[in-house]
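A.B. asks: Quick one: sequence plus predicted model below, questions after.
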Amino acid sequence: MSAPADTRPLTQRENEVRRFVRTRFGVRGSLRLHRAALGADLLRAPVNVMLSPVFLLIRLLAWALRSFGATRPAAWLASRRIFLASDLGRQVEADLDGLMVRLTERGLAPKAHPETIRRAISAYVETRNAVAEITTSLLVLSGGLLLFYRATPGVMSLAEPVAQMRAQSRAIEEFALGNWAGRMWYGVFPREIAMGELILTGIVLTVIASVVTTFAGVIADPVQSWTGLHRRRLMRMLARLDRQQEAAPMAGEHLLARLGDLGDIASSIWRGLR
């Protein structure tokens with residue numbers, strides 16, 4: 001005879017969260033979710049990528065102000081919405097609102113102020129977006145290692161070898177004595193990259209990376225669902241709301257998402273010093 005289900009409130013809450021994560025962030029749920037990104041989100045994505053460093057600076061400033069006891073300015077800064085609101089983000093927020101309604105109906109929801117709950121949900125959506133950026137950075141790094149045998153932590157470091165490859169291929173094709181002679185010549189004397197080519201390649205790769213980030217959740221969400229990351233993150237959010245506690249100004253995922261940018265800057269400085 002099977003044991004009766006555990007009816008303790010916290011256990012019931014976790015069961016609801018597990019069900020939500022499985023439905024919304026599993027493979028099928030993630031594919032359905034990303035239908036919302038087919039549209040204006042493709043235009044918003046490059047802008048949001050460019051706003052990412054601004055978001056990081058503002059959240060670091062909010063953290064510093066809170067550390068020095070300036071809680072009101074810190075809270076004001078932390079509540080600023082830097083990114084353009086996406087249809088995908090709105091759908092995730094609507095799904096999380098539905099989870100809170102379900103928990104409320106069963107008497108399992110935190111007794112927090114509605115505005116506090118709204119800010120917690122917004123922070124969760126931003127963290128999920130940061131994980132999508134981390135996924136894109138890993139794809140960029142893997143692409144650089146596989147294609148060019150070099151670490152490319154971000155788009156800036158990937159732009160140079162891609163521009164070099166394009167310039168080299170075009171020069172070989174246009175070589176007066178034919179492709180074979182062109183490969184020999186440019187194998188010894190590689191074609192120089194014009195600054196305009198490098199900038200244009202960087203812009204194109206940034207746009208491509210932003211689109212990849214928009215749909216990276218198709219991979220990242222199921223992985224986080226299988227590993228329990230989504231469940232644990234949601235349970236931590238609910239526990240904070242139980243304590244009437246605001247979310248931290250910046251989750252660790254945002255710092256990880258910016259490691260690619262910092263790696264790009266470091267590699268650019270290193271190449272300039274060599």
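C.D. replies: Arrived safely, thanks for sending.

A.B. asks: Residue 197 is in contact with residue 166, isn't it?
C.D. replies: Yes. With contact defined as Cβ atoms under 8 Å, residue 197 counts as touching residue 166 (7.4 Å). (Each C-beta comes from the backbone N, C-alpha and C, glycine too.)

A.B. asks: any idea of the pLDDT on residue 269?
C.D. replies: Note on residue 269: pLDDT of 61.

A.B. asks: Let me see the contact set for residue 103.
C.D. replies: By Cβ atoms under 8 Å, 6 or more residues apart in numbering, the contact list for residue 103 reads 13, 16, 109, 238.

A.B. asks: Go through those residues and say which is closest to residue 256.
C.D. replies: residue 238 (23.1 Å; Cβ to Cβ).

A.B. asks: neighbour-wise, which of residue 197 and residue 166 wins?
C.D. replies: Neighbours per residue (other Cβ atoms under 10 Å) separate residue 197 from residue 166, with residue 197 holding more: 18 against 15.

A.B. asks: Against residue 52, how distant is that one?
C.D. replies: From residue 197 across to residue 52, the span is 25 Å (Cβ to Cβ, to the nearest Å).

A.B. asks: try residue 46
C.D. replies: 11 Å.

A.B. asks: shaky segments in the stretch 151-274 of the chain?
C.D. replies: Within the stretch 151-274 of the chain, the ranges that satisfy pLDDT under 70 run 171, 182, 186-189, 247-250, 260-261, 263-274.

A.B. asks: rerun at 90
C.D. replies: Scanning the stretch 151-274 of the chain for pLDDT under 90 picks out 151-214, 243-274.

A.B. asks: how distant is the lengthiest helix in the chain from the center of its chain?
C.D. replies: Assignment by DSSP state H gives helix 114-148 as the longest helix of the chain. Chain-centre distance of helix 114-148: 2 Å, with Cα atoms, centre = their mean, to the nearest Å.
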